[in-house]
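Novice: I'll drop the sequence and a predicted model, then ask my questions.
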Amino acid sequence: MNQPLPSAAPLSDAVQAALAVTLRGCEELIPQADWIRKLQRSEQSAQPLRIKLGLDPTAPDIHLGHTVVLNKLRQLQDLGHQVIFLIGDFTSLIGDPSGRNTTRPPLTPEQIKANADTYYKQASMVLDPARTEVRYNSEWSLPLGAMGMIELAAKYTVARMMERNDFNDRFKAGTPISVHEFLYPLMQGYDSVALKSDLELGGTDQKFNLLMGRHLQQEYGQEPQCILTMPLLEGLDGVDKMSKSKNNYIGISEDANTMFAKVLSISDELMWRWYTLLSFQSMPAIAALKQEVAAGRNPKDAKVALAKEITARFHSQAAAEAAEQDFVNRSKGGVPDEIPEVSLSGAPMGLTALLKSAGLAPSTSEAGRLIDGGGVRVDSSVVSDKGLKLDAGTYVVQVGKRKFARVTLG
């Protein structure tokens, strides 16, 4: 069991700085006083705190929305604390009911393993792998067995479980709640017991589960963790949270040019929220930049800087510079330096068939719609004739703002 927290004392510069890092962009820190005392104890003992983030590998890829908590974890890691990246391979078998109005379809062990294999590799683009403790919650969840699960379930009441909004709403609406869904917050909370965490991070939708960790640590005689909730990042539309299902996301494994262009597509208002949650620039630096924009500087300058920072983080500085130049070329109607080369036979060929064969349109009918909408260029000229046939030769074909191909037709 941890040593008692020190009593209240004036905060050192280091503790004040650590608290500022913790609070940047966060929604809630519960309870803040305990976190301050943990920071003081860590400073006095030179023992790093154990800071935990758990992610269930329910999908194969991580997007920028996931990196909000990963960024915070990295900031705390840079302060010298021990961060734990927990892959919920066991809890994924249950399915997190947070925010759900129906039972989540279960994943197979094979799906979970395939997803988990990519999760840490992608998370390492943000975290320092050499200083990250990677754990899987099957390590302690599977050995619990039936007896251990019963003992764990006895430490929480059904009445308290039904205080959870999503369970309460589903119960009132007559929507089925499977008994196994009650096990999810218990198992996530037990992770904190197994790892003896001092702080657990999560999105605002995870608050109930995080508080469960505090409760169970007390039940098992441990000092309870503090919890830090981070906002859910709005996606490219600036309305809904970033989500693949909403198609308003930026995957951290997307190519540099696409990533850069997508960041530039967000609104000026959303840009500042992204700066707070995604940038590693200091808050004073961001405030100064915001003041410059308010005084008349073009907000696009700030957006370009953000796009380059994010792109460089997941690719390289050189790739970010190249992506900026690619965007400039496209905005001027120019052709990117590197575009796919496609060779086709069958000249003369109708343009709609060419677009489909070159992979620039999913079908000839969709190719026709793209032409009708003015979204197709051949050698920089907009084409409006769906019946156009191209003779043998080489053409630069563009669809929309981002799709290009150099097509050699024989």
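Specialist: Cool, got the structure. Numbers count the residues shown, from 1 in each chain.
Novice: please make it C-alpha for all contacts and neighbour counts, starting now.
Specialist: Noted.
Novice: how many other residues sit next to Lys172?
Specialist: 8 (other C-alpha atoms under 10 Å).
Novice: ok, now Arg135?
Specialist: 15.
Novice: residue contacts, Gly54?
Specialist: Gly54 sits next to 85-88, 201-202 when contact means C-alpha atoms under 8 Å, 6 or more residues apart in numbering.
Novice: three-state assignment of it?
Specialist: Three-state call for Gly54 (DSSP: H, G, I helix; E, B strand; the rest coil): strand.
Novice: who's it bridged to?
Specialist: Leu86 (DSSP bridges).
Novice: helices or strands next to the strand or helix carrying Asn257 in the packing?
Specialist: Using DSSP states H and E, the element containing Asn257 is helix 256-264. In terms of contacts (3 or more C-alpha pairs under 8 Å, 6 or more residues apart in numbering; DSSP states H and E), helix 256-264 is packed against helix 299-314, helix 317-331.
Novice: tell me the angle of that helix relative to helix 317-331?
Specialist: Using axes from the mean of the first three to the mean of the last three C-alpha atoms, to 10 degrees, the direction of helix 256-264 lies 70 degrees away from that of helix 317-331.
Novice: renumber starting at 40 from here on
Specialist: That works, and once the first residue is 40, the last one we named lands at helix 295-303.
Novice: tell me which residues of helix 295-303 are tucked away?
Specialist: Using 16 or more other C-alpha atoms under 10 Å as the test for burial, helix 295-303 gives 295-300, 302-303.
Novice: could you export it as CSV, CA atoms only?
Specialist: Extracted in CSV, the C-alpha atoms of helix 295-303 (Å, rounded to 0.1, in the frame of the first residue of the first chain):
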residue,chain,number,x,y,z
ALA,A,295,1.0,13.0,-44.9
ASN,A,296,-0.7,14.9,-47.8
THR,A,297,-4.1,13.8,-46.8
MET,A,298,-3.5,14.5,-43.1
PHE,A,299,-2.2,18.0,-43.8
ALA,A,300,-5.1,18.8,-46.1
LYS,A,301,-7.7,17.5,-43.7
VAL,A,302,-6.4,19.7,-40.8
LEU,A,303,-6.5,22.7,-43.1
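Novice: residues touching that helix, excluding its own?
Specialist: Residues outside helix 295-303 that contact it (C-alpha under 8 Å, 6+ apart): 275, 289-291, 339, 342-343, 345-347, 349-350, 354, 358-359, 361-363, 365-366.
Novice: those residues, buried ones only, as a ChimeraX selection?
Specialist: In ChimeraX syntax, the buried subset of the contacts of helix 295-303 is picked out as below (16+ other C-alpha under 10 Å):
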select :275,289,290,291,342,343,345,346,347,349,350,354,358,359,361,362,363,365,366
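Novice: flag the shaky bits of this protein, pLDDT-wise.
Specialist: Where the chain drops to pLDDT under 70, the residues are 40-48, 98-99, 134-145, 370-374, 376.
Novice: could you pull out the buried residues of stretch 81-97?
Specialist: Residues of stretch 81-97 classed as buried under the neighbour-count rule (16+ other C-alpha under 10 Å) are 81, 87-97.
Novice: can you tell me the distance between the two ends of it?
Specialist: By C-alpha to C-alpha, to the nearest Å, the extent of stretch 81-97 from end to end equals 35 Å.
Novice: please compute how far that stretch lies from its chain's middle.
Specialist: 19 Å (C-alpha atoms, centre = their mean, to the nearest Å).
Novice: how's the chain carved up into domains?
Specialist: 52-269, 295-370, 380-448 (automatic domain parsing).
Novice: residues contacting stretch 440-449, please?
Specialist: Contact with stretch 440-449 is made by 369, 374, 378-386, 397, 399, 430-437, as judged by C-alpha under 8 Å, 6+ apart.
Novice: if we use 7 Å, what do you get?
Specialist: If you take C-alpha atoms under 7 Å, 6 or more residues apart in numbering as the criterion, stretch 440-449 is touched by 369, 378-386, 399, 431-437.
Novice: okay, and which of the residues you listed map to strands?
Specialist: Per DSSP state E, strands hold the following members of those: 380-383, 432-437.
Novice: okay, now Ser321: neighbour count?
Specialist: 12.
Novice: thinking again about what came up before, save the helices and strands packed on helix 295-303 as TSV, and put in distance to Asp156 too.
Specialist: Rendered in TSV, the data for these read as follows (distance: least, C-alpha to C-alpha, whole Å):
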stretch	distance to Asp156
helix 338-353	18
helix 356-370	26
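Novice: in the stretch 190-339 of the chain, what residue spans correspond to helices?
Specialist: For the stretch 190-339 of the chain, applying DSSP state H, counting those that start in this stretch gives helices covering 197-200, 204-211, 218-234, 246-258, 295-303, 307-317, 322-333, 338-353.
Novice: tally of neighbours for the nearest residue to Ile410 once chain neighbours are set aside?
Specialist: Spatial nearest neighbour of Ile410, excluding adjacent residues (C-alpha to C-alpha, 6 or more residues apart in numbering): Ser423 at 5.7 Å. Per other C-alpha under 10 Å, the neighbour tally for Ser423 reads 16.
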